[in-house]
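[1] Below are the sequence and a predicted model; questions follow.
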Amino acid sequence: LFQDGPGCARFRLHYFRTVSRLFEQNFTGQISDWCQRHGLALTGHYWEGSLFSQQRNGNAIMPNYRHQHIPGIDHLLYQTDEILTAKQCQSVVNQYDKPRMLCELFGGAGQGLTFEDRLWITLHLMQMGVNQLTPHLCLYTMAGERKRDWPPNLSYQQPWFERNHALEIPLARMCVALAQGRYVADV
């Protein structure tokens, strides 16, 4: 597993496939079944990253999305360069005909994030298939270390919060409209 030698590549492949299969069956699959039996929709996101880092961490992410009722991703920082995570999730959403794709967004983008910045990032993610938005982070209080937890804080403590509806209502309407369509690939 940790040294090179005859057959090591094949052994590693089998090892990582086994770890991924066991995680899918014994974690995601079981939680999905429990949620289904109790009338709940499973959503959330996994530890995303490059295909290499996904495999190095012992988990292929895409098979797990199919068990989520609303597959989800995480979009971090002030950027639109990383598209692999969204395209992986969108692919599973389309293959399994799921109406929604969730994204937790804005984590680590900083307290200086403007309405224009949020619109730019959100429209990029909508182009990648996202149609359900979960902003990171809405704190009940900013006391202590909370204010430093991957800002921005998108809650009533912000001086602009009473105007937040000017951005959030049109984005919510766009999400509803995007959830009505069906993806058709030109293949």
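    Thanks, I have the structure now.
[2] my read: W120 touches T80, true?
    Yes: here W120 lies in contact with T80, judged by Cβ atoms under 8 Å, at a distance of 7.2 Å. All C-beta atoms are positioned from the backbone trio N, CA, C, and that covers glycine.
[3] For the lowest-mean-pLDDT helix or strand in the chain, what is the distance to the chain centroid?
    Taking mean pLDDT, DSSP states H and E as the measure, helix 51-56 is the helix or strand of the chain with the lowest mean score, a mean of 75. Distance, stretch centre to chain centre, for helix 51-56: 16 Å (Cα atoms, centre = their mean, to the nearest Å).
[4] gap between Q88 and P151?
    27 Å (Cβ to Cβ, to the nearest Å).
[5] Could you do F106 as well?
    Counting by Cβ to Cβ, the separation of F106 from P151 is 9 Å.
[6] For those two, indicate the residue with more neighbours.
    F106 (26 against 20; other Cβ atoms under 10 Å).
[7] Please read off the pLDDT at N57 from the model.
    For N57, the model assigns a pLDDT of 69.
[8] In PDB, please show the C-alpha coordinates belonging to the least confident helix or strand of the chain.
    C-alpha atoms of helix 51-56 as PDB (Å, rounded to 0.1, in the frame of the first residue of the first chain):
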ATOM      1  CA  LEU A  51      -9.700  13.600  -8.400                       C
ATOM      2  CA  PHE A  52      -6.300  12.800  -7.000                       C
ATOM      3  CA  SER A  53      -7.100  14.200  -3.600                       C
ATOM      4  CA  GLN A  54     -10.400  12.500  -3.500                       C
ATOM      5  CA  GLN A  55      -8.700   9.200  -4.200                       C
ATOM      6  CA  ARG A  56      -5.900   9.900  -1.800                       C
END
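[9] shared neighbours of F106 and P151, anything?
    Common contact partners of F106 and P151 (Cβ atoms under 8 Å, 6 or more residues apart in numbering): L137.
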